[in-house]
Every structure is written in C-alpha cells, then in structure tokens.
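Colleague: Show me the folded form of this:
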Amino acid sequence: MAAAISTKTIAAATSPRPRPRPRAASFLSFRPTARLPGAVAASSSGSRRCKAKDDTKASAAFDDDDDAVLDVAESTWDELVLRCKAAVLVEFWAPWCGPCRLMHPIIADLAKAYTGRLRCVKLNTDKNQDVATRYSIRSIPTILIFKNGERKETVIGAVTDTTLAKTVERFL
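Modeller: Now for the predicted structure:
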C-alpha cells in the first residue's frame with residue numbers, strides 16, 4: 001500500500017533552491033604588483049590607501065596620485081596636447097567610472113617614471129564632451145597617445161601598468 005504524500009512535501013521537493021548571489025568585483029581594491037621600468041619602489045609608510053570616511057579630505061581620496069597628471073579641458077587642449085613636442089598620454093575618464101579610478105594611480109606612476117619624456121593629462125568626458133566626440137571616444141577609460149600633435153595609439157579599457165608602459169615606450 002502506497003503512503004500518502006502531503007502537498008507540503010511535494011512543494012518542498014519541487015521548489016527551486018535559492019542560489020547564492022555573485023559577489024561584485026571591487027575595482028578599488030586592485031593594486032598592480034609589477035613595477036614600472038625606472039620607477040622607485042614606494043616605502044611601506046608611504047603606501048597609497050583610500051582615506052577614511054570621517055577624514056575631512058575624503059572626497060579627495062584619489063587626488064593623492066594626481067600631482068603629476070594635469071587636468072586638460074577643451075580650452076587648454078591645443079596648448080597642452082597638440083602643441084607639445086614630447087609624447088602626450090591622454091586619459092579620457094569620468095568620476096563615476098570605476099575602471100577609470102583604477103587607472104589613475106597607474107598613470108600617475110607612469111608620469112613620475114617618465115618625467116621630462118612624457119606628459120600625462122586627463123580629460124573629464126562629462127565636462128568636455130566636444131573633445132571626446134572629436135576623437136570618437138565611445139567607452140572609458142580610453143587612453144590616447146599623441147606625438148607631435150598627431151594621434152599615434154589608442155588603448156581602450158583598464159590595462160596593467162606593464163602593458164601601458166610597453167605601449168608608451170614605443171613613442172619615446
């Protein structure tokens with residue numbers, strides 16, 4: 001004789017099991033381990049970290065690395081990029097872009113490593129849409145390398161410091 005099966009048992013057996021939610025990737029926690037050619041290793045006391053939320057300068061947490069990278073706008077574009085005789089690396093970025101924030105310390109290290117041979121600038125695409133449209137920037141971060149006012153290379157997306165350094169070295 002077959003045992004009676006309750007409707008609760010059937011419902012429990014046929015209901016799908018809850019799946020664990022995938023963890024979101026944290027772009028802010030990534031720090032490249034490889035060193036740029038000619039770069040000086042940072043001391044353990046001088047390591048770059050995001051400031052605490054209660055710090056008065058919390059909004060400038062990513063500005064520590066930007067002292068070697070200039071901001072460029074449409075009004076200064078010709079002077080800082082097109083008329084420069086040295087190679088110029090231009091990062092097209094936006095404040096809301098996680099991969100862009102990932103690239104800031106890499107480009108700052110690159111600017112320090114190639115001081116005098118490479119000018120590094122960054123252009124906020126939200127504030128300077130005309131320049132971004134002129135160079136057909138469709139995704140950010142996009143890095144353009146100029147030499148003697150001429151566009152030489154395009155790098156789209158977040159890349160490692162060694163990949164970016166090898167690309168830049170071809171134009172120095």
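
Colleague: Can you get me a residue count around I145?
Modeller: By the measure other Cβ atoms under 10 Å, the count of residues near I145 is 20. For every residue, glycine as well, the C-beta is placed using N, CA and C.

Colleague: What is the burial count for E169?
Modeller: Counted with other Cβ under 10 Å, the neighbours of E169 add up to 13.

Colleague: ok, which stretches of this protein are strands?
Modeller: Assigned by DSSP state E, the chain shows strands spanning 70-71, 87-93, 118-124, 142-147, 150-156.

Colleague: Would you mind putting those into a markdown table with distance to A165 and mean pLDDT alongside?
Modeller: Output for those, formatted as a markdown table (distance: least, Cβ to Cβ, whole Å; pLDDT from 0 to 100):
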| stretch | distance to A165 | mean pLDDT |
| --- | --- | --- |
| strand 70-71 | 19 | 94 |
| strand 87-93 | 11 | 96 |
| strand 118-124 | 10 | 96 |
| strand 142-147 | 12 | 96 |
| strand 150-156 | 11 | 95 |
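
Colleague: Would you enumerate the residues in contact with the residue nearest to T125 when sequence neighbours are not counted?
Modeller: Leaving out its chain neighbours, the residue that sits closest to T125 by Cβ to Cβ, 6 or more residues apart in numbering is A132, at 4.4 Å. A132 makes contact with 92, 123, 125, according to Cβ atoms under 8 Å, 6 or more residues apart in numbering.
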